[in-house]
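S.K.: model the structure of this input:
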Amino acid sequence: MQNKPHAAVSLTARQGIHHTPAREVVRPTGGIFRGRFPSRKSGRSVAFESLIERDALLLFEFSRGVTSYREQPYSIHYTFEGRSRKYTPDFELSLASGSVLLIEVKPEDKALAPEERKRLRRIGEHFSELGVPFRVLTDTQIRRGALLRNLNTLFPYLDKPLTGLQRRLAVAPLLDEPLLTVSNAGARLGSTAEVWRFLAQDLLTCDLHQQLSEPTVLTIQNCEPSDAELYF
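M.R.: Numbering: from 1, shown residues only. Below you'll find the model as predicted:
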């Protein structure tokens, strides 16, 4: 069995060291939509190669179980239909527990095409043999419900993480509110924009799969992140 490839390369993501993708990510020609996503978690701009990937990055940024992530982390060779082939995952995610998760982002119609489905299954088997979790995310999974609309609303309010004391002081005006909603919290904090900031900063939480509105019920966030807290 080969050595597990993620042990050494994951270190760069966790330490915020400059990351060089395994292959060129943002090419000057070809494709439809390419760019860079300003990631607070990763401490740098993360390159993406499609609108679906950009939307996936928004989910990674807000998933409490994800501590950092990077694009095109490394390449491996696997055997498929009697041939050795090269594969580079789209993203490597570092999780709250310290483990990693590899992600391939694909349009659902392409992921479900018979040949591609077999190829992705074989890639998943290869990573399973190495002890590395691997998942395929499709546009249908990424764009379900109101989640992306809500995260796009909250994204401009992301800021540097708060200390424990700053968090306690920030939520103090809300502690005696019997029914905490967007409307009530906005009245206590001075504006709805402050509610969005509190949600973006993980001071407050709610069901973001439902469209945010004045009656949306909120709770004060007091739990430590876990690997299970993923928006995908």
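
S.K.: need the contact list for the most centrally placed residue in the chain.
M.R.: Centroid-nearest residue in the chain, with Cα atoms, centre = their mean: residue 60, separated by 0.6 Å. Counting by Cβ atoms under 8 Å, 6 or more residues apart in numbering, residue 60 makes contact with 41, 66, 69, 91, 93. (C-beta placed from N, C-alpha, C; glycine too.)

S.K.: in the helix or strand harbouring it, what's buried?
M.R.: Assigned by DSSP states H and E, residue 60 falls within helix 51-62. Of all the residues in helix 51-62, those buried under the rule 16 or more other Cβ atoms under 10 Å are 52-62.

S.K.: okay, and residue 103 sits in which element?
M.R.: Taking DSSP H and E as the criterion, residue 103 maps to strand 100-106.

S.K.: let me fix that: residue 193
M.R.: helix 192-200.

S.K.: that helix - contacts with which helices or strands?
M.R.: Applying 3 or more Cβ pairs under 8 Å, 6 or more residues apart in numbering; DSSP states H and E, one finds that helix 192-200 contacts helix 147-154, helix 182-189, strand 204-205.

S.K.: what is the mean pLDDT for the shortest one?
M.R.: To tie it back to what came earlier, the one meant is strand 204-205. The pLDDT scores in strand 204-205 average 98.

S.K.: packing partners of it?
M.R.: helix 192-200, strand 219-220.

S.K.: output the first one as CSV - backbone C-alpha positions only.
M.R.: Yep, that's helix 192-200 we're talking about. Extracted in CSV, the C-alpha atoms of helix 192-200 (Å, rounded to 0.1, in the frame of the first residue of the first chain):
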residue,chain,number,x,y,z
THR,A,192,-30.9,43.8,11.1
ALA,A,193,-27.4,44.2,9.7
GLU,A,194,-26.1,43.5,13.2
VAL,A,195,-28.2,40.3,13.3
TRP,A,196,-26.5,39.2,10.0
ARG,A,197,-23.1,40.0,11.5
PHE,A,198,-23.9,37.9,14.6
LEU,A,199,-25.0,35.0,12.4
ALA,A,200,-22.0,35.3,10.1
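
S.K.: what is the lengthiest helix in the chain packed up against?
M.R.: Longest helix in the chain, counting residues (DSSP state H): helix 114-129. Packing partners of helix 114-129 (3+ Cβ pairs under 8 Å, 6+ apart): strand 76-80, strand 100-106, helix 108-111, strand 134-138.

S.K.: ok, the residue nearest to the centre of the chain to residue 130 distance?
M.R.: Per Cβ to Cβ, to the nearest Å, residue 60 is found 22 Å from residue 130.

S.K.: same question, residue 227
M.R.: Distance of residue 227 to residue 130, computed by Cβ to Cβ: 19 Å.

S.K.: nearest residue to residue 117 other than its sequence neighbours?
M.R.: Closest residue to residue 117 in three dimensions, ignoring its sequence neighbours and counting by Cβ to Cβ, 6 or more residues apart in numbering: residue 111, at 6.8 Å.

S.K.: from the centre of this structure, point out the most distant residue.
M.R.: residue 82 (34.5 Å).

S.K.: on that earlier part again, next, format the contacts of residue 60 as a markdown table and append distance to residue 187.
M.R.: Output for those, formatted as a markdown table (distance: Cβ to Cβ, whole Å):
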| residue | distance to residue 187 |
| --- | --- |
| 41 | 31 |
| 66 | 33 |
| 69 | 36 |
| 91 | 40 |
| 93 | 37 |
